[in-house]
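Undergrad: Next input, structure requested:
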Amino acid sequence: MKDAPKTNLATEIGSVSLPNPVMTASGTSGQGAELANYFDLSLLGAIVVKSLHIEPWPGNPSPRLHPTPAGMINSVGLEGPGVREWLNNDLPLLEEAGARIVVSIWGRTVEEFAQAAKELAQASKSVIAVEVNASCPNLEDRKNLFAHSLEATKEVVEVSLAAERPCWAKLSPNTPDLPQIAAVAKKAGAEAVTVANTLLGMTIDLETRKPLLGAGRGGVSGPAVKPIAVRSVFDTYAENPDLPIIGVGGITKGRDVSEFMMAGAAAIQVGTATFANPRASKKILKEFSKWCKDQSLEEMNQLIGAAHE
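TA: This next block holds a predicted model:
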């Protein structure tokens, strides 16, 4: 008996073609080149780098990370070298490693998003897309998240088109309006949405009787949030079936990828799992490929939105 043929894992995220749906998640593997010590980065669909501000950014005070029973909580605070320094120092390393590169950008104001996007426009063609991290505080709106406002989401996506790359909007699960915000992002020019960022949480130090993280609150990630992330993808797809969705949240094995696909994702990102195992994304891709083959799937795209049928 002949083995079943391998499944075609290629996927389309708007105008961006990827050989497979597995990417790293922003902020979980530094600037990405670090992972080249563990596996060939060209094996993944893409490497998404840590969110970049127009200027170098120091991040939040320590402690920044704390384990939770099924994941972690962090308040790193988007520490990074800034777009200019990244272009000069980090981009060449990723190019040398053969990675397809997605750059995440952030700002405290709409203008800072615009500045970061304009600076990024000079990047080489190895930067295939820009992920607009709309899940950060808007200083012009009492620190409410951009991704909690229809108007603010529209504005940051529109100005980020100055990067002259396809834009993906990374959205927050901490709002009941996620599907509507995704629709606004698409109308503003986003070719896809990343669903979703971390859940807002807190942990208390019993000795000091104060929040343990230096910034007080933090983002919860890991396996505990996966059901919420899957539901977020499902709801977003239900109202926006023609909008490509990149699912993220608690993915640790190949079967998790299948679940996100059935909920409506066209691609996924691996985040917290990389902290425990730098080869996690490669392992997950291998497991997902085998699962598809065992299911005798000719095309991975057959899974997208299957739970809605």
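
Undergrad: residue ranges for the helices of this structure, please.
TA: Residue ranges of the helices in the chain, as given by DSSP state H, are 83-85, 91-96, 110-120, 150-160, 178-188, 226-239, 254-263, 273-276, 280-294.

Undergrad: buried stuff in the third one?
TA: In other words, helix 110-120. Within helix 110-120, the residues that count as buried by 16 or more other CB atoms under 10 Å are 110, 112-120. In this view, the C-beta of every residue, glycine as well, is placed from N, C-alpha and C.

Undergrad: now these as CSV including distance to E140 and pLDDT?
TA: Converted to CSV, the buried residues of helix 110-120 look like this (distance: CB to CB, whole Å; pLDDT from 0 to 100):
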residue, distance to E140, pLDDT
V110, 7, 96
E112, 10, 97
F113, 11, 97
A114, 13, 98
Q115, 15, 98
A116, 16, 98
A117, 17, 98
K118, 19, 98
E119, 21, 98
L120, 22, 97
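
Undergrad: just to revisit the earlier point, could you save the helices of the chain as TSV and add columns showing distance to V195?
TA: Formatted as TSV, the helices of the chain follow (distance: least, CB to CB, whole Å):
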stretch	distance to V195
helix 83-85	25
helix 91-96	25
helix 110-120	19
helix 150-160	13
helix 178-188	7
helix 226-239	5
helix 254-263	9
helix 273-276	18
helix 280-294	18
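
Undergrad: how about those helices, which one is nearest L65?
TA: helix 273-276 (8.5 Å; CB to CB).

Undergrad: Name the residues of that closest one that come out as buried.
TA: Neighbour counts over helix 273-276 (16+ other CB under 10 Å) mark 273-275 as buried.

Undergrad: And the helix or strand of the chain with the lowest mean pLDDT, how far out from the chain middle?
TA: Lowest by mean pLDDT, DSSP states H and E among the helices and strands of the chain is strand 137-138, with a mean of 73. Chain-centre distance of strand 137-138: 18 Å, with CA atoms, centre = their mean, to the nearest Å.

Undergrad: Any idea how many residues pack against N88?
TA: When neighbours are counted by other CB atoms under 10 Å, N88 registers 10.

Undergrad: where's it relative to T24, distance?
TA: Per CB to CB, to the nearest Å, N88 is found 22 Å from T24.

Undergrad: what residues are up against the residue lying closest to P173 once chain neighbours are set aside?
TA: Leaving out its chain neighbours, the residue that sits closest to P173 by CB to CB, 6 or more residues apart in numbering is A196, at 3.7 Å. Shown in contact with A196 (CB atoms under 8 Å, 6 or more residues apart in numbering): 135, 170-173, 178, 228-229, 232-233, 248-249.

Undergrad: can those go into TSV with extra columns for pLDDT and neighbour count?
TA: Below are these laid out as TSV (pLDDT from 0 to 100; neighbours: other CB atoms under 10 Å):
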residue	pLDDT	neighbour count
S135	90	25
K170	97	29
L171	97	31
S172	95	25
P173	94	24
L178	97	23
I228	97	16
A229	98	27
S232	98	27
V233	98	30
V248	98	33
G249	97	32
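
Undergrad: Rebuild those residues as CSV, extending it with distance to G305.
TA: What follows is the contacts of A196, written out as CSV (distance: CB to CB, whole Å):
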residue, distance to G305
S135, 24
K170, 21
L171, 18
S172, 22
P173, 19
L178, 17
I228, 19
A229, 16
S232, 14
V233, 10
V248, 17
G249, 18
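
Undergrad: Which strands border the longest strand along the chain, and is each parallel or antiparallel?
TA: Counting residues, the longest strand in the chain under DSSP state E turns out to be strand 127-133. Partners of strand 127-133 in the sheet, by DSSP bridges, are strand 101-105 (parallel), strand 167-170 (parallel).

Undergrad: Let's have those in JSON lines, adding distance to K186.
TA: Below are those laid out as JSON lines (distance: least, CB to CB, whole Å):
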{"stretch": "strand 101-105", "distance to K186": "18"}
{"stretch": "strand 167-170", "distance to K186": "8"}
